[in-house]
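>>> could you look at this predicted model? Sequence included:
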Amino acid sequence: MKEIATHMSVCTKAWIGIVGGRVLILKDDVKGISTYYSYEEGAFTFFDRKGGSQVVQVDEITEVAGY
């Protein structure tokens with residue numbers, strides 16, 4: 001959780017890799033994408049500013065990255 005929060009605060013673009021080669025963009029300042037999340041019982045729920053959400057289990061996350 002701390003690593004995700006750090007990448008979202010210091011990077012202009014941040015994402016997580018998910019099992020199966022999928023990528024979830026958490027933040028992209030150029031495209032105006034920003035999410036926020038909650039954490040409960042081993043799962044993150046990521047919410048976008050348009051009302052959408054996605055649940056990701058902690059053990060599904062393969063990487064946290066950004067620049």
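Good, I have the coordinates.
>>> which residue ranges of this structure form strands?
Here the chain has its strands, by DSSP state E, at 13-18, 22-28, 33-40, 43-48, 53-57, 61-66.
>>> what strands line up against the shortest one, and which way round?
Here the strand partners of strand 53-57, with direction, are listed using DSSP bridges: strand 43-48 (antiparallel).
>>> could you dump the strand it pairs with to PDB, C-alpha only?
The C-alpha coordinates for strand 43-48 follow below in PDB (Å, rounded to 0.1, in the frame of the first residue of the first chain):
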ATOM      1  CA  ALA A  43      -7.800  -6.300  -1.800                       C
ATOM      2  CA  PHE A  44      -7.500  -2.900  -3.300                       C
ATOM      3  CA  THR A  45     -10.500  -1.200  -4.800                       C
ATOM      4  CA  PHE A  46      -9.400   1.500  -7.300                       C
ATOM      5  CA  PHE A  47     -11.900   4.200  -8.100                       C
ATOM      6  CA  ASP A  48     -11.700   6.600 -11.100                       C
END
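>>> who touches that strand?
The contact list for strand 43-48 (CB atoms under 8 Å, 6 or more residues apart in numbering) reads 1, 4, 24, 26, 33-39, 53-58, 61. For glycine as for every other residue, the C-beta is placed from the backbone atoms N, C-alpha and C.
>>> in ChimeraX, select just the buried ones from the residues you listed.
Buried residues within those, by 16 or more other CB atoms under 10 Å, are selected in ChimeraX with:
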select :4,24,26,33,35,37,56,61
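>>> report the central residue of this structure.
When the chain is reduced to its mean C-alpha position, the nearest residue by CA atoms, centre = their mean turns out to be Leu26, at 3.9 Å.
>>> do I have it right that that residue meets Ala5?
No - counting by CB atoms under 8 Å, Leu26 does not reach Ala5; the two are 10.1 Å apart.
>>> now do Val56, the pLDDT please.
Listed pLDDT for Val56 reads 97.
>>> distance of it from Val30?
In this view, Val56 and Val30 are 23 Å apart by CB to CB, to the nearest Å.
>>> so how far is Tyr39 from Val56?
For Val56, the distance to Tyr39 equals 10 Å [CB to CB].
>>> hmm, I typed the wrong one, I wanted Thr6.
When Thr6 is compared with Tyr39 (using CB to CB), they lie 15 Å apart.
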